[in-house]
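1. Generate a structure from the sequence data that follows.
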Amino acid sequence: MTPRLISPADAVESLRRMVHRKWAAAVCADLGVGDPVTFSVPLRPGVSTGSAVARIGPAPWHEWYMRWREFADRHPAGVVIVRKPMSVQGVTNDYPTTLVVDLDAAVALVSGTEPPTVDVARARALASSLRSTGAVLTPATVRAAYRLGADDTEVLLSAVTWLRRHPDAGAWTARQLPVPGMHTKWLDTHGALLRDVAGRDVRDEVRSRPAVLHLTYVDPDHAASGRRRHDAWTTGDTHDIAYQPRIVLVVENRDSRLWFPPVRDTIVVEGGGHAAAALLANVPWIHAADHVVYWGDIDADGYAILDRFRAALAEPAPDEAPPKPVASILMDAGDLHRYAQHGVNHDKAGRPIKSSSVPLSHLTEAEATAYDTIATAGPTPFRRIEQEVIPLAHAATRLLDVSHEISSHDPSSDHITQ
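-> Coordinates of the predicted model:
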């Protein structure tokens, strides 16, 4: 070990890092959960003999010793400076060897230079409240709950209390739970924390909503019949769609669905983001279509949705229908360059769009090239081309091209016309 002398300032900085890592465990330990937590800093690692002091030099040693004498005269309660005897130049004395403090003393020390990492009183009150509701008290749950605002903290405590009184939440949907103060979308953001604190995942217990798909019939013969152009299909209902499509195009943008040009034997479905992949994969008439095609934004989310959609349709359907391949349109590397003038780097709130390192294993080579270009952590001209800026006529043409290309490999496929 390299001989070192740790100054009071360096020791306080070490304590700051320890408080950040260990405050939640210390708060739990104060309530009898887990082992006791202390904060200790070695003050002269590798310096246990007079010869080690000689190598450091008498001047640095004297300066270090005087600084700790000054510190000892003004340190707050709860601070212990452990001393051990050592002979220096033939004189044996007790010299500081370890700084040992509890959580309160550690926070008091580090507060002298910067705002403390944690409000210990608030953290203890929160942990005590969690424990009183019967919550699972761990350093991780205390730390996560501490990050909540005051209103969300009250909802969390109410939710744990409510769940303890209701062992079965199957009579409600996730947005119907009658937890005091809980708004309908609270679980969307805080469901994982509630699971960890309550010891059960209410999201798995609540009643599931049936899948509702919004769709547009774009077959020209259907349009000429005067029947409705826009429709909705609900899982488990007795409603039938107007015709069985040969092509199903899934889009993410509502305008792209509502105004899509006529394409024979086609239905355009509004997707719904990441959560929709599994729902769409279980719709019988989508599985029964000759061609399933996806068109989304050219951005990290768009490719992640495509990847998840492909993975979902690659599994056999509940009715034992075989896996279904999914093509894409306007999402490859060529499209990235063709529509580059529409590329943006900020979202609708003006925030920079972040990169993504998520591996996507179900993309084609051309799609993967485009994804890597816009999602890279390095420099890139832009990170998003939104679907709605691409002319719908281009999308209709590309859809027909893809359908013809797929059909050319299947002799039984009829000719598809616009």
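
2. what are the phi and psi angles of L5?
-> The phi and psi values for L5, taken as degrees, to the nearest 10, are phi -120, psi 120.

3. so what's it up against?
-> Residues near L5 by CB atoms under 8 Å, 6 or more residues apart in numbering: L43, R44, V47, I56, P60, W61, W64. All C-beta atoms are positioned from the backbone trio N, CA, C, and that covers glycine.

4. try it again with 10 Å
-> If a contact means CB atoms under 10 Å, 6 or more residues apart in numbering, then L5 has 43-47, 53, 56, 60-61, 63-65, 67-68, 96 as its contacts.

5. Skip the chain neighbours and tell me the closest residue to I286.
-> Distances taken as CB to CB, 6 or more residues apart in numbering put V248 closest to I286, at 5.1 Å, once the chain neighbours are dropped.

6. Confirm that that neighbour sits in a helix.
-> No: judged by DSSP: H, G, I helix; E, B strand; the rest coil, V248 forms no part of a helix; its state is strand.

7. wait, isn't it in contact with D290?
-> Yes: applying CB atoms under 10 Å, one finds V248 in contact with D290, separated by 9.1 Å.

8. So between those two, which is more surrounded?
-> Between V248 and D290, counted using other CB atoms under 10 Å, the more crowded position is V248 (24 against 19).

9. Okay, the more buried one and P262: tell me how far apart.
-> 16 Å (CB to CB, to the nearest Å).

10. tell me the domain ranges of this structure?
-> Annotated domains of the chain cover 8-110, 120-204, 212-407 [automatic domain parsing].

11. Averaged pLDDT, the last one. What do you get?
-> Think domain 212-407. Averaged across domain 212-407, the pLDDT comes to 92.

12. What confidence value was assigned to the residue sitting furthest away from the middle of the chain?
-> In the chain, the residue that sits farthest from the middle, by CA atoms, centre = their mean, is G90; the gap is 61.5 Å. Per-residue confidence (pLDDT) for G90: 84.

13. just the helices in the stretch 151-300 of the chain please.
-> For the stretch 151-300 of the chain, the helices defined by DSSP state H, counting those that start in this stretch cover 186-198, 220-224, 254-258, 276-281, 284-288, 300-313.

14. could you dump these to a markdown table with mean neighbour count and distance to A108?
-> Converted to a markdown table, the helices of the stretch 151-300 of the chain look like this (neighbours: other CB atoms under 10 Å; distance: least, CB to CB, whole Å):
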| stretch | mean neighbour count | distance to A108 |
| --- | --- | --- |
| helix 186-198 | 18 | 29 |
| helix 220-224 | 13 | 75 |
| helix 254-258 | 16 | 56 |
| helix 276-281 | 20 | 52 |
| helix 284-288 | 17 | 63 |
| helix 300-313 | 22 | 45 |
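
15. Compare those and give me the one nearest V19.
-> helix 186-198 (22.4 Å; CB to CB).
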